[in-house]
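>>> Quick one, fold the following:
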Amino acid sequence: MRLKCTIVFFVFIFSIYASYSQIEDFSIFFRKFSKDSIFQKERVVFPIPQISWDYEKDDEKTVLVQKDDYHYQRIFNLNSECADGFYFFYPNNDTLFFYTDMVLQISGITDMYVKYYFKLIDNKWFLVKYLDYDLDL
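Numbering: from 1, shown residues only. Sure, this is the predicted structure:
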């Protein structure tokens, strides 16, 4: 009986490990996503909500962008210094062992505030929402 319980336990642990090992690494995904326009378009869930700030109405504005209307999101080289601001990634969920939602926030000292929302779907990362509160001067 004890041997049977031990075997069941190890099978359970191995199945968890096998499922985790197939999850796409976010940092590898993001490097490719930020540099490759074709890959980027393949990894966006359409229609994607693009949220901006309407400064005249002082309110959020959401537009659902279709695949044909989507434009490559040029994300600066995160390894280089950003003179006008800073960036950071953070998980957007409360799981303990792995993240299923990630956010890249880029904030400027003067007028930059952008967020990219990513979600793990079928073990692959996708952009699911884009928020841009940049002040166009």
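>>> Could you check which helix or strand contains the residue nearest to residue 102 when sequence neighbours are not counted?
Nearest in space to residue 102, with sequence neighbours left out and distances taken as CB to CB, 6 or more residues apart in numbering, is residue 118 at 4.6 Å. Where C-beta positions appear, they are placed from N, C-alpha and C, glycine not excepted. Here residue 118 sits within strand 113-121, counting by DSSP states H and E.
>>> Next, the buried residues of the next helix or strand after that strand.
Moving toward the C-terminus from strand 113-121, the next helix or strand (DSSP H and E) is strand 124-132. Across strand 124-132, burial judged by 16 or more other CB atoms under 10 Å covers 125-131.
>>> do the same with stretch 100-120
Neighbour count says stretch 100-120 has 101-104, 106-108, 112, 114-120 buried, by 16+ other CB under 10 Å.
>>> which one of those residues is nearest residue 43?
Nearest to residue 43 among the buried residues of stretch 100-120: residue 118, at 8.8 Å, using CB to CB.
>>> if I look at the closest one, how far off is residue 25?
With the distance defined as CB to CB, to the nearest Å, residue 118 ends up 13 Å from residue 25.
>>> what angle sits between the strand holding residue 118 and strand 124-132?
Put simply, strand 113-121 runs at 160 degrees to strand 124-132, going by axes from the mean of the first three to the mean of the last three CA atoms, to 10 degrees.
>>> what's the average pLDDT for strand 113-121?
Average pLDDT, strand 113-121: 92.
>>> who touches it?
For strand 113-121, contacts defined as CB atoms under 8 Å, 6 or more residues apart in numbering pick out 23-24, 26, 30, 45, 73, 75, 92, 99-107, 125-134.
>>> partners of it, with directions?
strand 101-108 (antiparallel), strand 124-132 (antiparallel) (DSSP bridges).
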